[in-house]
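Asker: starting from these lines, generate the structure:
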Amino acid sequence: MTTLSIDLGDLRDPRVTRLLEDHLADMFATSPAESVHALDVSGLAVPEVTFWTIAEGDEFVGCVALKQLDETHGELKSMRTDAAARGRGLGARLLEHVLAEATRRGYRRLSLETGLQEFFRPARTLYAKYGFIECHPFGDYRPDPNSVFMTLALPA
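Answerer: Predicted coordinates for the structure are as follows:
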């Protein structure tokens, strides 16, 4: 059995680029363009975003990012499990990693935006399992009929 590792991701790595291109392709295939809030490489390459990959050996099988909205509020971004690796609990591992990091940073809240379409049901189910509840748009988001906004209060 190959060991899984979660490490800071290099946005210049072609394996990362492929993951992000696949992520954006799925977003545009399932949501109207005006409702796609996923970040591309340039959106992830800013100081307020930390980006990680999950690897199985040398193969990247997923990614996730944490964006600092303010000193106490973070946003989960770009959570992706490669299509061939879905159903193995990798999303939960990535989410647990971000939750631990957000708590370590002293964030009081972690929020996210995801899609309303059926494609996103597994993600919404995972988030709800971890205690996320639906909320109003946060940060720079505006109401969007294709989006679900969720938030989780973190322990002090």
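
Asker: report the buried residues of stretch 149-156.
Answerer: Neighbour-count burial for stretch 149-156, counted by 16 or more other Cβ atoms under 10 Å, picks out Phe149, Met150, Thr151, Leu152, Leu154. For the C-beta atoms, the positions are set from N, CA and C on the backbone; glycine is no exception.

Asker: can you report phi and psi for the closest residue to the fourth one other than its chain neighbours?
Answerer: Nearest in space to Leu152, with sequence neighbours left out and distances taken as Cβ to Cβ, 6 or more residues apart in numbering, is Phe132 at 4.6 Å. Dihedral angles phi and psi of Phe132 (degrees, to the nearest 10) take the values phi -70, psi 140.

Asker: pretty sure Phe132 contacts Thr151?
Answerer: Yes: counting by Cβ atoms under 8 Å, Phe132 touches Thr151, with 6.5 Å between them.

Asker: and Ile6, how far from Val98?
Answerer: As judged by Cβ to Cβ, to the nearest Å, Ile6 and Val98 stand 10 Å apart.

Asker: intersection of neighbour lists for those two?
Answerer: Common contact partners of Ile6 and Val98 (Cβ atoms under 8 Å, 6 or more residues apart in numbering): Trp52.

Asker: and those two? Which one has more around it.
Answerer: The residue with more neighbours, out of Ile6 and Val98, is Val98; 22 against 19, by other Cβ atoms under 10 Å.

Asker: and the next element down the chain from the strand or helix carrying the more buried one?
Answerer: Element membership for Val98, per DSSP states H and E: helix 90-104. Counting by DSSP H and E, the next helix or strand C-terminal to helix 90-104 is strand 109-115.

Asker: number of nearby residues for Arg105?
Answerer: What Arg105 shows, counting by other Cβ under 10 Å, is a neighbour count of 14.

Asker: now swap in Glu71 and tell me
Answerer: Count around Glu71 with other Cβ under 10 Å applied: 10.

Asker: so for the closest residue to it other than its chain neighbours, what's the pLDDT?
Answerer: Of all residues not flanking Glu71 in the chain, Gly106 sits nearest, at 7.6 Å (Cβ to Cβ, 6+ apart). Here the pLDDT value assigned to Gly106 is 98.

Asker: start at 334, not 1
Answerer: Noted, 334 is the first residue going forward, which turns the last one into Gly439.
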